[in-house]
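Trainee: Next come a sequence and a model predicted from it.
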Amino acid sequence: MRFEGRVVVVTGASRGIGREVAVRFGAEGALVACLATTLANAEATASLIPGARAYACDVGDSAQVEAVFSQVEADLGVVQILVNNAGVTRDTLLLRMKDDDWDRVLTVNLRGAFLCTRAVTKGMMKARWGRVVNVTSIVGLGGAAGQANYAASKAGLIGLTKSVAKELGARGVTCNAVAPGFIETDMTADLPAEFRDQVVKTAPLGRLGTPGDIAGAVLFLASEEAAYVTGQTLVVDGGLTL
């Protein structure tokens with residue numbers, strides 16, 4: 001029960017990594033706020049966690065973020081742990097990429113993390129304790145053809161992580177990132193079979209990752225065990241990028 005009574009916000013909590021992270025925090029005693037783009041999807045996860053609350057929020061919309069985080073504080077208390085997991089993809093080659101393909105991915109994946117982090121900063125600084133964990137990607141480290149928008153957003157998250165760590169460290173607030181490799185989620189379900197097979201063959205651990213693999217890393221970085229870790233990007237990819 002490492003997080004007994006801690007107030008935790010998880011964005012993108014409706015499925016995959018976000019759902020697993022939220023459930024794991026709840027299992028360790030946290031008061032969890034599940035955020036998703038629709039209330040029904042947020043409620044589906046919250047229903048799995050005793051005492052959890054569900055909120056609909058487009059994390060790229062500053063007015064919605066401000067309103068939702070104010071409501072979370074009124075319902076549960078000051079946010080102590082934030083997991084910026086919300087993310088979308090609109091993959092296509094650069095020459096075919098529309099302005100909206102670029103803008104939407106950067107808005108949700110990067111602007112959303114900025115807005116949510118800004119919303120919790122004052123409370124964490126005042127309490128002189130806080131944890132921010134950003135879910136980035138190995139694509140943000142190495143790039144990927146057909147994912148210029150996604151790679152840029154995830155690389156930006158790494159830069160945001162380092163900057164927040166430097167700004168807030170003196171107030172007892174850490175900020176770290178987790179960079180998943182290829183994880184068995186809805187987002188990777190449509191990968192061609194031959195590509196999946198190649199990933200499995202290349203990764204030293206010989207398998208794709210699971211949402212639980214990522215949740216374990218997130219909870220570690222949010223815990224007291226990681227009190228002296230900040231500004232870091234923890235790669236969780238089965239050794240794929242070695």
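Mentor: Now that the structure is in, tell me what you want to look at. Numbers count the residues shown, from 1 in each chain.
Trainee: partner residues bridging residue 176?
Mentor: In this structure, residue 176 bridges to residue 133 when assessed by DSSP bridges.
Trainee: who's in contact with stretch 106-123?
Mentor: 9, 11, 58-60, 62, 65-66, 69, 73, 78-80, 82, 84, 86-88, 130, 132, 134, 149-150, 152-154, 156-157, 160, 164, 168, 173, 175 (CB atoms under 8 Å, 6 or more residues apart in numbering). To be clear about C-beta, it is placed using only N, CA and C from the backbone, and glycine gets the same treatment.
Trainee: Would you mark the buried spots in it?
Mentor: Across stretch 106-123, burial judged by 16 or more other CB atoms under 10 Å covers 106-117, 119-121, 123.
Trainee: again with stretch 196-204
Mentor: So stretch 196-204, judged by 16+ other CB under 10 Å, has buried residues 199, 203.
Trainee: Lowest mean pLDDT among the helices and strands, pick that one out for this structure.
Mentor: Within the chain, no helix or strand scores below helix 193-202, which has a mean of 86 by mean pLDDT, DSSP states H and E.
Trainee: Tell me which residues are up against it.
Mentor: 181, 182, 188, 206, 207, 208, 240.
Trainee: can you pull the contacts of the most centrally placed residue in the chain?
Mentor: Centroid-nearest residue in the chain: residue 85, 2.1 Å away (criterion: CA atoms, centre = their mean). The contact partners of residue 85, taken as CB under 8 Å, 6+ apart, are 10, 11, 12, 13, 17, 18, 21, 135.
Trainee: Residue 91 now?
Mentor: Residues near residue 91 by CB under 8 Å, 6+ apart: 146, 147, 150.
Trainee: let's see it at 10 Å
Mentor: Residue 91 is in contact with 97, 101, 105, 144, 145, 146, 147, 148, 149, 150, 190, counting by CB atoms under 10 Å, 6 or more residues apart in numbering.
Trainee: Look up the pLDDT of the residue sitting furthest away from the middle of the chain for me, please.
Mentor: What lies farthest from the middle of the chain is residue 95; by CA atoms, centre = their mean that is 28.9 Å. pLDDT, residue 95: 96.
Trainee: now the one 10 residues further on
Mentor: Reading off the per-residue confidence, residue 105 sits at a pLDDT of 98.
Trainee: do the same with residue 76
Mentor: 98.
Trainee: State the distance from it to residue 177.
Mentor: 25 Å (CB to CB, to the nearest Å).
Trainee: Comparing those two, which residue is more hemmed in?
Mentor: residue 177 (29 against 20; other CB atoms under 10 Å).
Trainee: nearest residue to residue 233 other than its sequence neighbours?
Mentor: residue 177 (4.4 Å; CB to CB, 6 or more residues apart in numbering).
Trainee: The one you found and residue 163 touch, don't they?
Mentor: No. Between residue 177 and residue 163 there is no contact, the gap being 11.7 Å when judged by CB atoms under 10 Å.
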